[in-house]
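A.B. asks: Need a 3D model of the sequence below.
(chains A and B)
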Amino acid sequence: MSHFKSQFFNLMVERGFYKSCTNEDGFDTYLYECEKSGTPAVGYLGSDPTGDSLHVGHLVPLMMMRWFQKLGNQPILLVGGATARIGDPSGKDKLRPFLSEEQLQHNVDGLRHSFGKFVKMGNGKTDSFFVDNWDWFQNINYLNFLRDVGTYYTVNRMLTLDSVKSRLEREQPMSFLEFNYQLLQGYDFCELYTKYGCRCQLAGDDQWGNITSGTELGRRRNNVELFGFTTPIITDSSGKKMGKSEGNAVWINEDKLPTYNYYQYFRNIGDADVEKCLKIYTDLPIDEINRLAALKDQEINEAKKILAFEATKICRGEAEAKQAQETAIAVFEQGLAGGELPQIAFVDGMSILDAFLEIGFVESKGEARRLAKQSGLKVNDVVVDENYKLTAADKVDGKIKISQGKKKHGIIA
RNA sequence: GGAGGGGUGGCAGAGCGGUCAAAUGCAACGGACUGUAAAUCCGUCGACUAUGGUCUACGAAGGUUCGAAUCCUUCCCCCUCCA
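C.D. replies: Numbering: from 1, shown residues only, chains lettered A, B, ... in the order given. Below is the predicted model of the structure:
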């Protein structure tokens, strides 16, 4: 159905990962030849350590890299220690606050942990490895850099970059510091080409401008054609970016978000998004996905369970995913208080308001009171009022189940 | 350096001496309806509370006033135009 030669391109198109490419035929041919000769193509994905974990919003390029590797290619993961010190202006109106050195190091570690879940690291032919652009930028000399790289850029061209243009059009300030971001990312690409023969950069479509900065620098300075390939920015059917739950990011790293919550995020995907998510966030073969996507109405819940399990498995491991699934089934289908739920210690006579505050479901007693007035607080699935006190008599099998609304459940034991 | 405009709740954005814990929209949350979906409808949305109130908030610090998000002074930050 598709006119591409390479497995990678065909798979990307089939699963909805393909947004755009700097040279479709060229890249396809390059990959095809690599596949034919059994030499891995080398490609990189970069991310700046502005936070200490990736979240679901970053997952699309990560899953793309996973396939890239599975099809016999070698991914390089770049952590932008240097570029994080500049701040990517894409999609922002304000200069990022500077991070302390400790914070930066902490973030780099967290990011590596996130990355490592999706591609295989090691020393083998297609194994991935980390690089940090701080390694080559920290000692660079300003004048040398300007002469080496600056000569190949025109300000005219730099101003046309979306991230720059939109800032200017919206009359928001853009510091000279941020203006330079594209040069650094462009330089990264060339550096990886020189060092590791990396010919392609794979990323989310918001990186398009920064990618072309690299491919152009490669052509002018290193006389080589570099390729850029981007994934669409995935939104749900109401047009919102994926990856937020209750206004909070759905984190990849387990210390930032319990596996049960990660599972629940995918379990609660809207009907209209199920097929898209199965293709992107799981490893399931396309035939299986087509079968699941055909399910309707209540049956689609089966597809959602599989989606949640499969997506969680990749990120958190099979055992954890299974446990999350069992918890969800116990809570929602059997009405029990399962193992993975948040838990706090029982104190006899504890006020219900304090209990909800302590378990972290509400931020103030006032909020808990309001919820109580709206019948939003339950103990063992029975609505209680704000004066309710927890006693030993509430225990069922040694524990008390408390719920806020229909979806947030916790245990007091 | 000069002239003008502006900094308000998670975001956007009104208010410009009392009736302001601050309109409206978005986001979020609870309820109804459901399928742990979507859409819709109703409600909530600073904190504490003996529910009567108390406290903290409209860039920061002072001041005027019975009373300030609103007026004055100084400072910080941003935008636009001129040099």
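A.B. asks: Name the residues of stretch A:124-136 that are buried.
C.D. replies: Taking 16 or more other C-beta atoms under 10 Å as the neighbour-count basis, stretch A:124-136 is seen to contain the buried residues A:126, A:128, A:131-134, A:136. All C-beta atoms are positioned from the backbone trio N, CA, C, and that covers glycine.
A.B. asks: Run through the residues that contact A:D188.
C.D. replies: Neighbouring residues of A:D188 by C-beta atoms under 8 Å, 6 or more residues apart in numbering: A:46, A:78, A:80, A:83, A:133, A:214.
A.B. asks: Adding pLDDT and secondary structure, write the buried residues of stretch A:124-136 out as CSV.
C.D. replies: Putting these into CSV (pLDDT from 0 to 100; DSSP: H, G, I helix; E, B strand; the rest coil) gives the following:
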residue, pLDDT, secondary structure
A:T126, 93, coil
A:S128, 96, strand
A:V131, 96, strand
A:D132, 95, strand
A:N133, 94, coil
A:W134, 94, helix
A:W136, 95, helix
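A.B. asks: rewinding a little: can you list the contacts of A:D188 in JSON lines and add secondary structure?
C.D. replies: Putting those into JSON lines (DSSP: H, G, I helix; E, B strand; the rest coil) gives the following:
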{"residue": "A:G46", "secondary structure": "strand"}
{"residue": "A:L78", "secondary structure": "strand"}
{"residue": "A:G80", "secondary structure": "coil"}
{"residue": "A:T83", "secondary structure": "helix"}
{"residue": "A:N133", "secondary structure": "coil"}
{"residue": "A:G214", "secondary structure": "helix"}
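A.B. asks: Tell me which two of those residues sit farthest apart.
C.D. replies: Of all pairs drawn from these, the one with the longest distance (C-beta to C-beta) is A:G80 and A:G214, at 13.0 Å.
A.B. asks: Run through the stretch 1-150 of chain A and note the low-pLDDT ranges.
C.D. replies: Under the criterion of pLDDT under 70, the regions of the stretch 1-150 of chain A flagged as low confidence span A:1-2, A:91-98.
A.B. asks: Distance of the spatially most central residue of chain A relative to A:M242?
C.D. replies: Nearest to the mean C-alpha position of chain A, by C-alpha atoms, centre = their mean, lies A:H58 at 2.4 Å. From A:H58 over to A:M242 the distance is 10 Å, taken as C-beta to C-beta, to the nearest Å.
A.B. asks: quick one, domains of chain A?
C.D. replies: According to automatic domain parsing, chain A comprises the domains A:7-231, A:258-333, A:343-412.
A.B. asks: Export those domains to a markdown table and append columns for distance to A:W251.
C.D. replies: What follows is these, written out as a markdown table (distance: least, C-beta to C-beta, whole Å):
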| stretch | distance to A:W251 |
| --- | --- |
| domain A:7-231 | 5 |
| domain A:258-333 | 8 |
| domain A:343-412 | 15 |
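A.B. asks: do the helix or strand encompassing A:S163 and RNA strand B meet at all?
C.D. replies: Using DSSP states H and E, the secondary-structure element containing A:S163 is helix A:162-169. No. Helix A:162-169 stays clear of RNA strand B (C-beta under 7 Å from any atom of the strand), getting no nearer than 7.5 Å.
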